[in-house]
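*Asks:* Provide a 3D model corresponding to the input given below.
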Amino acid sequence: MKLLIICSEKSNTQPKNSFEIKTDTRFANTKFIPHLLNKKEVCTVCGKDCFWCRGRYDLDFKEDIVRIIKLPDIYEIFVDNTDDYLPESFQKHDVAIAIGIHQDILVELPKLIKESGGKALIVPCESGEWVSRWTRDEVIERCKRFGLEYAFPKPFCNLSYGKFPIINEFIDKFKIGKPKFKLYVDNNDTIKRAEVIISAPCGNGYNVCKHLVGKKLGDEAKAAVAKFWHSYPCLGGMTIDPEVGDTILHIGGYIHYDALSNAHIVRI
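*Replies:* This is a model prediction of the structure:
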């Protein structure tokens, strides 16, 4: 399965006035792409004290990424000519992932994806400001028109199995989506080993699992999830999203608590 990633490149420029906006660059460049490349030198969390919690997992997917397209992070509020930013065609791929890009550019992706042989589009929403309801509905309509599978997980760690086989295959191959853990527990309910079956796309599943070892099921394990999920840190939006009635950051926390509550427990 081949991936095309479209995201924003960080600049040191700030909007000059209220007619310009700045897109988010952090999630793609400091979390998601380093997770796929699985290189210790790109870990941005622990610094020199990095335990390298992903090291024992086979997660090097660089050969599966056909291209990473980096767009600007400063735009006028409305982009009239998206051709100024997008190539005429994309490399042949299976799944395109658009992370934190201008919404006017996002709307133009389904046609280009279809023309380049793509089969699915995933648009993570780490903030309610990334994709409006109108934009999402318009992109979904265009995906249907061009026969593409689609997903708009809010946040990305809410990506779940569903009706689309290519997106289900994406979750299986890259072990990315709604977190799922396997815990090996002794007779005293102490977690002796913790394995990641599926991680949050930012890689936080591996960080959380590392810190569950030695903790007891129940309040002690929940406290570890609360501490180490949050301090990774989660980059979810911190303002109330009217669609979900909470902050995206809190939704990410609940998802990781659910991963602990629904973990596959093996008694040893």
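*Asks:* the strands in the stretch 1-150 of the chain, which residues?
*Replies:* 3-8, 20-22, 65-71, 74-76, 95-99, 120-122, 149-151 (DSSP state E, counting those that start in this stretch).
*Asks:* Buried residues, the last one. List them.
*Replies:* This means strand 149-151. Within strand 149-151, the residues that count as buried by 16 or more other CB atoms under 10 Å are 149-151. All C-beta spots, glycine's among them, are computed from the backbone N, C-alpha and C.
*Asks:* any idea how this protein splits into domains?
*Replies:* Domains of the chain are assigned by automatic domain parsing as 3-174, 180-267.
*Asks:* Touching the one helix or strand in the chain whose mean pLDDT sits lowest from outside, list them.
*Replies:* Ranked by mean pLDDT, DSSP states H and E, the weakest helix or strand in the chain is helix 33-37, scoring a mean of 89. By CB atoms under 8 Å, 6 or more residues apart in numbering, the residues outside helix 33-37 that reach it are 3, 5, 7, 42-44, 54, 59-62, 64-65, 68, 174, 176, 199, 201-203.
*Asks:* and what of stretch 112-123?
*Replies:* Against stretch 112-123 from outside (CB under 8 Å, 6+ apart): 4, 86, 89-99, 106, 109-110, 131, 136, 139, 143, 146-153, 159, 164, 166-167, 170.
*Asks:* redo that, cut-off 6 Å
*Replies:* Defining contact as CB atoms under 6 Å, 6 or more residues apart in numbering, one finds that stretch 112-123 is touched by 89-90, 92-98, 143, 146, 148-152, 166-167.
*Asks:* just the buried members of those residues?
*Replies:* 90, 93-98, 143, 146, 148-152, 166-167.
*Asks:* Select, from these, the two members most distant in space.
*Replies:* Spanning the widest gap among those are Phe90 and Phe152, at 19.8 Å by CB to CB.
*Asks:* what's the neighbour count on Asn188?
*Replies:* Asn188 has 8 neighbours, counted by other CB atoms under 10 Å.
*Asks:* go on, Asn187?
*Replies:* Using other CB under 10 Å, Asn187 has 7 other residues around it.
*Asks:* Apart from its chain neighbours, what residue comes closest to it?
*Replies:* Nearest residue to Asn187 in three dimensions, chain neighbours excluded: Arg267, at 7.5 Å (CB to CB, 6 or more residues apart in numbering).
*Asks:* so what's that neighbour bridging to?
*Replies:* Val185 (DSSP bridges).
*Asks:* need the helices for the stretch 51-200 of the chain, in chain order.
*Replies:* Per DSSP state H, counting those that start in this stretch, the stretch 51-200 of the chain carries helices over the ranges 103-106, 109-115, 133-145, 165-174.
*Asks:* TSV please, covering those helices and showing mean pLDDT and distance to Asp73.
*Replies:* Shown next, in TSV, are the helices of the stretch 51-200 of the chain (pLDDT from 0 to 100; distance: least, CB to CB, whole Å):
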stretch	mean pLDDT	distance to Asp73
helix 103-106	97	12
helix 109-115	97	18
helix 133-145	97	18
helix 165-174	98	25
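*Asks:* any chance of those in a markdown table, with distance to Asn188 too?
*Replies:* Converted to a markdown table, those look like this (distance: least, CB to CB, whole Å):
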| stretch | distance to Asn188 |
| --- | --- |
| helix 103-106 | 51 |
| helix 109-115 | 52 |
| helix 133-145 | 47 |
| helix 165-174 | 34 |
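*Asks:* Low-confidence regions, the stretch 151-268 of the chain specifically.
*Replies:* Judged against pLDDT under 70, the stretch 151-268 of the chain has no low-scoring part.
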